[in-house]
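Novice: sequence unknown, structure follows:
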C-alpha cells in the first residue's frame, strides 16, 4: 500500500539551510507536495512537483525528486525563526485523488 | 487571496451526539475532501467528493459519517453518533479541478473533542 516516511525532527541555526527528507513507496505517485503546519494552524501548501520533474525552485524553497529511489527533499535556504513548524510531505497518484501524508518533520530554528 | 474556511474552530460534544462540521471551499473549486488528524498522528484521508457524489472514501469513513453539499458553497461532514476516538482535528480541502491547477488547499481545521 501507499506509505510516506519522514524523519521526525530537524534542528538548524538561523541563516543555515534546512533539508527535510521524505521517502514514498507508491511508484504510481504522480504529484508530490510539501505542506507547512504552524502550531494550532491548518496546512499551508508550500510547493509541489510532478513525478516527471527532478527539481523545482520557488524563492527560498528547492524541491529535489529522485524518482528511482522514491526520495523527495525540501531545502529551505537562509532558514529563519519563522520557518519553525511541522513540514509534511504528501503524495497523490492522480489528479483529484486523495493525498497520502507522512508523519511530519518538526523543524526547529535556533537564533 | 481565496481560502477554504471552516466552522466552528472548536467543537465539544458528548459521546453519542451528532455533530456537523462545516466548510466553505474556494468558490471555483470542484473537488472537495475531508481529512482528519488525531493528536500526534498523521493526517488521514476520509473522503473525496466530486460532481455531487463521493468519489473515494477510506476505511475510517464508515456508516457513521456522511458528507453533503447542500448548496453551492457549503460542504459538510456529519458524524451521526460520535465516539471518543473521533476526537481529532478535521480538515476540509479543495482543488480547482480544471486547467493546470494541482494545488490542494486546506482550511484551518475544526478541533472536535468528544467527551
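Specialist: Thanks, I have it. Every value quoted in this text rests on a predicted model; they were computed, and no experiment measured them.
Novice: Quick one: neighbours of the nearest residue to residue A:6 once chain neighbours are set aside, just the number.
Specialist: Excluding the flanking residues, the one nearest residue A:6 by CB to CB, 6 or more residues apart in numbering or on different chains is residue A:102, at 3.9 Å. (Each C-beta comes from the backbone N, C-alpha and C, glycine too.) By other CB atoms under 10 Å in any protein chain shown, the residues close to residue A:102 number 24.
Novice: and chain A, which of its residues are near chain B?
Specialist: A:31, A:33, A:35, A:41-45, A:48, A:50, A:88, A:90, A:92, A:95-104 (CB under 8 Å from any CB of the partner chain).
Novice: Mind checking which of the residues you listed land in strands?
Specialist: Using DSSP state E, the members of the residues of chain A next to chain B that fall within strands are A:31, A:33, A:35, A:43-45, A:48, A:50, A:88, A:90, A:92, A:100-101.
Novice: Out of the residues you listed, who's the most crowded?
Specialist: Neighbour counts for these were taken using other CB under 10 Å; the highest belongs to residue A:43, with 28 neighbours.
Novice: who's in contact with residue A:15?
Specialist: Going by CB atoms under 8 Å, 6 or more residues apart in numbering or on different chains, residue A:15 touches A:78, A:79.
Novice: How is the most centrally placed residue in chain B assigned, secondary-structure-wise?
Specialist: The structure's chain B has its C-alpha centroid closest to residue B:34; by CA atoms, centre = their mean the separation is 3.1 Å. Assigned with DSSP: H, G, I helix; E, B strand; the rest coil, residue B:34 falls in the strand class.
Novice: Once you drop chain neighbours, what's closest to it?
Specialist: Distances taken as CB to CB, 6+ apart place residue B:46 nearest to residue B:34, at 4.3 Å, with adjacent residues excluded.
Novice: List the beta-bridge partners for residue A:85.
Specialist: Residue A:85 has these beta-bridge partners by DSSP bridges: residue A:107.
Novice: wait, what's in contact with it?
Specialist: Contact partners of residue A:85, counting by CB under 8 Å, 6+ apart, are A:36, A:37, A:38, A:39, A:107.
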